[in-house]
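Engineer: Can you look at this prediction? I've put the sequence above it.
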Amino acid sequence: MSAHEVTADVLVIGGGAAGVAAARAAHEAGATVAVVADGGGATSLGSGVVWGAARDPFAAWAAGDLWRVGGRYVTVAGWLLEGAAGALRSLLDVGALPLGGTPGVLDLATHPSWSARLVAQTLGARVVTAPDDAPTGQSFREVAVTLDPEGAAEAFARSLAPRCEGLSGLLLPPVLGLSRLDVAARMGAVLGIPVGEAAGSPGDPPGLRAMRALRRWLPEGVAVLNDRATVKPGRLPGLVFRSGRLVKTRSVVLATGGLVGGGLVFEETLREAAAGAPVWTRDRRRVLSRAGAARGADPVEWFDEHTGRARGAGLRVDPSGRVLDGDGETPLGEWLYAAGEVCNGRGGDGVADALADGARAGRSAAQAIGRRG
Amino acid sequence: MTTDLAHRRPDCDVLIIGGGVNGTGLARDLSLRGLRVILLERNDLAFGASGNSSGMIHGGPRYLTTHPSVTRSSCVDSGYIQTIAPHMIFRTPFVMPIYGHGPVARVRFDAFDAFFSLYDEYQPLKRGKPHTRLTPAETLTLVPGLRSDDLYGSVTFDEWGIYGNRLCVANAIDAVEHGCRLYVHTSVERIVVEEGRATGVTARDRIDGRAYEFSARAVVNCTGAWSPITAATAGVSEHVKVRPGKGVHLILDRPITDIGVMADAVDGRQIFIEPWGNTALIGTTDDDTYADLDDLPVTTDEVRYLVEGIEQVLPRVRDARIIGVTVGARPSLYAWGKMEDALSREHEVVDHAAHGAQGLFSLIGGKLASYRMFAQEAADLIAPKLGNHAPCTTHSAPLPGGDRPADIDLLAARFELSRFAVERLVTRHGSRAETILADSGRRGRMVVCSHEPVLACEVRWAAKHEYARTLLDVARRTNLAMGACGGNDCALAGAVIAGEELGWSPGEVRAQAAELLRSRQRSRLPAIGDKQARAEAMTMAALRTLGRAALP
Ligand SMILES: Cc1cc2nc3c(=O)[nH]c(=O)nc-3n(C[C@H](O)[C@H](O)[C@H](O)COP(=O)(O)OP(=O)(O)OC[C@H]3O[C@@H](n4cnc5c(N)ncnc54)[C@H](O)[C@@H]3O)c2cc1C
Ligand SMILES: Cc1cc2nc3c(=O)[nH]c(=O)nc-3n(C[C@H](O)[C@H](O)[C@H](O)COP(=O)(O)OP(=O)(O)OC[C@H]3O[C@@H](n4cnc5c(N)ncnc54)[C@H](O)[C@@H]3O)c2cc1C
């Protein structure tokens, strides 16, 4: 084996929610695992809110130690309350905020989409005016980065303390750290009340932190390669070429994401980028058809012009997560699995679904290797 | 239905239907003459042709040979508009490249040269420069990237552009400041005609559903392409012959040329690309339309037609991203059987007294460029009938913000803003930019939409002082979400600010943001290309994020 070669039972392509869950599940099922990822996908752009994590047993499993599931968590999306079964731990659960007492909402001068007044109105909370020396900036990131350093969040909390008397919790805009996951906890410790933040928009700190938390959740021993991968479905048992280097593997999980992640690309027609697997779209009658066939090729058809929603597009998989061929019935290869947004009908369903999907596919991939021997 | 409108004291002297450039222009003219005016607009100011035109305040060289009177009147009025609203008008020189070789190309070149020499005679009326003849080398220096093979030479000519949206808003606001009552999103359902007289209208607020009755001494139908429909409610539609010609523009993500470029479309019609703020416009199509005027469709074919035409002269148009389309219906005067393009854009004030409806008038046809003159003609006819003999002053009285130039550098320094941000604000508000900035705190001067850029205080101003009632209305007035991000970065922020001003509930704020995103996305759909699909997916995810949230 040359230095440039990697060997793994299961190779996961994609480092978003689906990819990480697949890697972890495959690892737990006893396989050796490598992940190849080409930057952050939709997962890193999310608002950091996780919907319905407890709906699916696989998601519940995946959420096991990353999320706390079951409790009465409430998280704030943007500035409206969102009932959710789980909230990213790193986000801090604002769960404690509205469940009794009077929470405060900090009127911090940041991005103009933050209106403490409106949030407070929604929560029945009190607006807390920020001290003069509070950090400010034009974007949430600018502020978040100032709270990362040791001591900074604590000092900020001390300056807020006199204004927080009698409050049951404090809600901030999405600025609770850019690379550190513990800013909320550090501030909460000083103030003696839970500190939470509202979810952000694409590219805001919570999504970026969610990505960090996920990566951290990858088991030790799982190799992560930063590269772009291509798969040749015909080349059993799945030799994957990556910028000249070679990965020897026995199973591949495509967790390459949808249009945002780069797993699907739109170039005259809709394509799956890494393996060239057949892509399916839904037309108005919710019938699946091959993309590239007359209707699927026209983006105006592909998006619903009235709602602006994609009708759903991606790979078709069987219940174990194996990618199906153009006939929609037979697997494209015994060893090729897919999960997350790259799959049909899952477009933008969210982190929880991607996690569940990924876990299922990762486990199946590892178990199949066992069966294949 | 019978009403007693005729017997009560009229609510106003003149009730104007339609908030396009003609309706707002007339409202201003009559208000300045001291008449009491009510203006009702079904959608929003500039919702129709006026906000979706090519924005050229020119005489239209295309009318030079067929309708020279259109050319002259537009040029004269263009001069006036420069006097009353210098801030919102910008010089746009055009180049007309001529391809081919030998005597054929030469004859074409000379013909255009002669044509524009004729146009030169009108140019001084609008402070335009005379045309020039350029060699291929000179042409390529002027427009790098122009297709060079077979280039025989080019002719340049000088034009002016204007933001139609702002022109309508400025006219409406000035009318309001002179006593006019303005209702947007309020549609006239019926023009009431009693005993041969138009006595008022019934109308409905399309947002809250409230019904209104307004009595008036005169009613004026200024509903552009809608005018036959409006006239039908008074039974006079056969005297309002308007042929709606649908026109589509494409908006590119950046101004890929500093100078307008003319090109021939596949069918030989002339189309163009012009710089438009920090974007570019490609226009335009002209097809008869029978579609719903409140929701005109744009097809992928129309997009292709325009892109392919421009590509012939400016291949790099393919590198740019189409970030939206605009569509409007021209209210052209009817002329049977002619090709759409040859239809006259001349205007006509129709007095329906002869049709059994005294006191009812329709303004049909017209152009952005000659709106002021059209309004004056109508007012000169209507005001004396109401016993008002005040002279017209709209050619010299400045529009709001047009009274004196704003010092962009000074404002930028004083309010710690980029020169660019101030410049864009000044194009929209002229001297009032200072008031808008001075009224706001530091947070008010934050950039909400970095693509335009739009400041928080401008969004607030539009909601508070410019009769915006929805976030889309705000966008029409400020250019919010009209840049490359398509609202992904700014819809929520814009909605929060407008919502604080307009008393929206948090749920309403979200709904308004989602509506703006959806509308921007619909505007891009016919033009989705390879580069765009990813951005669309982002928008959809953002829409879902907005849509999901609900109160617990
Ligand atoms: C703006 C936005 C906001 C959202 N907000 C929320 C939210 O608040 N809550 C929620 O639950 N969901 C939200 N979603 C949806 C959610 O983010 C996605 O459904 C989910 O993250 C999809 O995960 P994924 O792992 O399938 O794909 P992705 O996260 O897109 O991951 C794909 C990965 O594959 C990699 N990749 C692709 N091709 C290759 C290749 N050839 N070689 C190597 N690597 C490759 C990419 O680099 C990336 O790492 C949002 C989405 C967007 C876009
Ligand atoms: C694609 C295109 C490009 C153009 N380019 C140029 C150019 O470069 N230069 C130029 O000078 N001209 C140009 N024009 C022409 C110019 O835009 C129009 O002639 C002019 O804007 C017409 O104004 P208007 O007020 O009559 O109509 P509109 O602007 O269409 O206004 C009519 C209004 O009436 C409202 N309305 C309808 N029904 C009712 C009702 N029942 N109650 C209340 N309100 C109602 C509508 O909502 C609408 O806002 C162009 C037109 C188009 C379509």
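Structural biologist: All right, it came through fine. Ligands and ions are numbered 1, 2, ... in the order given.
Engineer: Next up, the contacts around B:Thr299.
Structural biologist: Contacts for B:Thr299 (C-beta atoms under 8 Å, 6 or more residues apart in numbering or on different chains) come out as B:Pro526. For every residue, glycine as well, the C-beta is placed using N, CA and C.
Engineer: Next to ligand 2, which bits of chain B? Give me the list.
Structural biologist: Along chain B, the residues adjacent to ligand 2 under the rule C-beta under 6 Å from any ligand atom are B:17-23, B:40-43, B:47-50, B:52-56, B:187-188, B:222-226, B:230, B:247, B:284, B:328-331, B:366-369.
Engineer: mind showing which ranges of the stretch 201-350 of chain A have poor pLDDT?
Structural biologist: A:233-245, A:268-269, A:282-312, A:344-349 (pLDDT under 70).
Engineer: just the residues of it that are near ligand 1, which are they?
Structural biologist: Proximity of the stretch 201-350 of chain A to ligand 1 (C-beta under 6 Å from any ligand atom) is limited to residues A:202, A:228-229, A:255-257, A:260-263, A:273-274, A:340-341, A:348-350.
Engineer: Pull out the buried residues from stretch B:129-137.
Structural biologist: Neighbour-count burial for stretch B:129-137, with 16 or more other C-beta atoms under 10 Å in any protein chain shown as criterion, is recorded at B:His131, B:Thr132, B:Arg133, B:Leu134, B:Pro136.
Engineer: Contact partners for A:Ser320?
Structural biologist: By C-beta under 8 Å, 6+ apart, the residues touching A:Ser320 are A:Tyr337, A:Arg360, A:Ala361, A:Ser364, A:Ala368.
Engineer: does the spatially closest residue to the fourth one that is not a sequence neighbour count as helix, strand or coil?
Structural biologist: So the one you mean is A:Ser364. Ranked by C-beta to C-beta, 6 or more residues apart in numbering or on different chains and with sequence neighbours excluded, the top spatial neighbour of A:Ser364 is A:Ser320, at 4.1 Å. State at A:Ser320, reduced to three classes by DSSP: H, G, I helix; E, B strand; the rest coil: coil.
Engineer: roughly how far apart are A:Ser320 and A:Val279?
Structural biologist: A:Ser320 sits 20 Å away from A:Val279, going by C-beta to C-beta, to the nearest Å.
Engineer: ditto for A:Gly263
Structural biologist: Between A:Gly263 and A:Val279 the distance, using C-beta to C-beta, works out to 10 Å.
Engineer: ok, the two, which is more surrounded?
Structural biologist: Counted by other C-beta atoms under 10 Å in any protein chain shown, A:Gly263 and A:Val279 do not tie: A:Gly263 has more neighbours, with 31 against 24.
Engineer: The closest residue to that one other than its chain neighbours is in what secondary structure piece?
Structural biologist: Distances taken as C-beta to C-beta, 6+ apart put A:Thr256 closest to A:Gly263, at 3.0 Å, once the chain neighbours are dropped. Assessed by DSSP states H and E, A:Thr256 sits outside every helix and strand.
Engineer: so how many other residues sit close to A:Thr256?
Structural biologist: A:Thr256: 33 surrounding residues under other C-beta under 10 Å.
Engineer: cool, A:Asp132 as well?
Structural biologist: Other residues within reach of A:Asp132, judged by other C-beta under 10 Å, total 7.
Engineer: Looking at the buried residues of stretch B:129-137, which one is closest to ligand 2?
Structural biologist: Lowest distance from ligand 2 to the buried residues of stretch B:129-137 (C-beta to the nearest ligand atom) belongs to B:His131, with 18.5 Å.
Engineer: Give the residues shared as contacts by A:Gly263 and A:Val279.
Structural biologist: With C-beta under 8 Å, 6+ apart as the test, A:Gly263 and A:Val279 both reach A:Glu272, A:Gly314.
Engineer: Kindly state the domain boundaries assigned to the chain.
Structural biologist: Since you didn't name a chain, this refers to chain A. Per the record, chain A has its domains at A:5-43+A:221-371, A:66-210, by the TED database.
Engineer: could you do chain B instead?
Structural biologist: B:4-49+B:165-241+B:344-385, B:242-332, B:439-550 (automatic domain parsing).
Engineer: To A:Val145, which of those lies closest?
Structural biologist: Closest of the domains of chain B to A:Val145 is domain B:439-550, at 18.1 Å (criterion: C-beta to C-beta).
Engineer: Spatially nearest residue to the closest residue to ligand 2 within the stretch 51-200 of chain A (excluding sequence neighbours)?
Structural biologist: Ligand 2 sits closest to A:Pro112 of the stretch 51-200 of chain A, with a gap of 29.5 Å, by C-beta to the nearest ligand atom. Setting aside the residues directly before and after it, A:Pro112 is nearest to B:Ala493 in space (C-beta to C-beta, 6+ apart), at 4.1 Å.
Engineer: and the one you found, which of the three is it?
Structural biologist: State at B:Ala493, reduced to three classes by three-state DSSP: helix.
Engineer: Quick check, it in contact with A:Ser113.
Structural biologist: Yes: counting by C-beta atoms under 8 Å, B:Ala493 touches A:Ser113, with 3.7 Å between them.
Engineer: element containing residue 362, please.
Structural biologist: You didn't pick a chain, so chain A it is. In the assignment (DSSP H and E), A:Gly362 maps to helix A:351-372.
Engineer: wrong one, I was asking about chain B
Structural biologist: strand B:360-365.
Engineer: How about whichever helix or strand comes after that strand, which residues are buried there?
Structural biologist: Following strand B:360-365 in sequence order, the next helix or strand is helix B:371-385 (DSSP H and E). Under the neighbour-count criterion of 16+ other C-beta under 10 Å, helix B:371-385 has B:Tyr371, B:Arg372, B:Met373, B:Phe374, B:Ala375, B:Gln376, B:Glu377, B:Ala378, B:Ala379, B:Ile382, B:Ala383 buried.
Engineer: Which of the three states applies to the closest residue to B:His101 other than its chain neighbours?
Structural biologist: The shortest distance from B:His101 to any residue other than its chain neighbours is 6.2 Å, reached at B:Tyr152 (C-beta to C-beta, 6+ apart). Recorded secondary structure, B:Tyr152: strand (three-state DSSP).
Engineer: Might you report the residue contacts of B:Tyr152?
Structural biologist: Contacts for B:Tyr152 (C-beta under 8 Å, 6+ apart) come out as B:Ile98, B:Tyr99, B:Gly100, B:His101, B:Ala105, B:Arg106, B:Arg108, B:Phe109, B:Pro136.
Engineer: again, only using 7 Å
Structural biologist: Counting by C-beta atoms under 7 Å, 6 or more residues apart in numbering or on different chains, B:Tyr152 makes contact with B:Ile98, B:Tyr99, B:Gly100, B:His101, B:Ala105, B:Phe109.
Engineer: Can you tell me which one of those residues sits lowest on pLDDT?
Structural biologist: In this model, the minimum pLDDT among these belongs to B:His101 (90).
Engineer: Right, I'll call it a day here.
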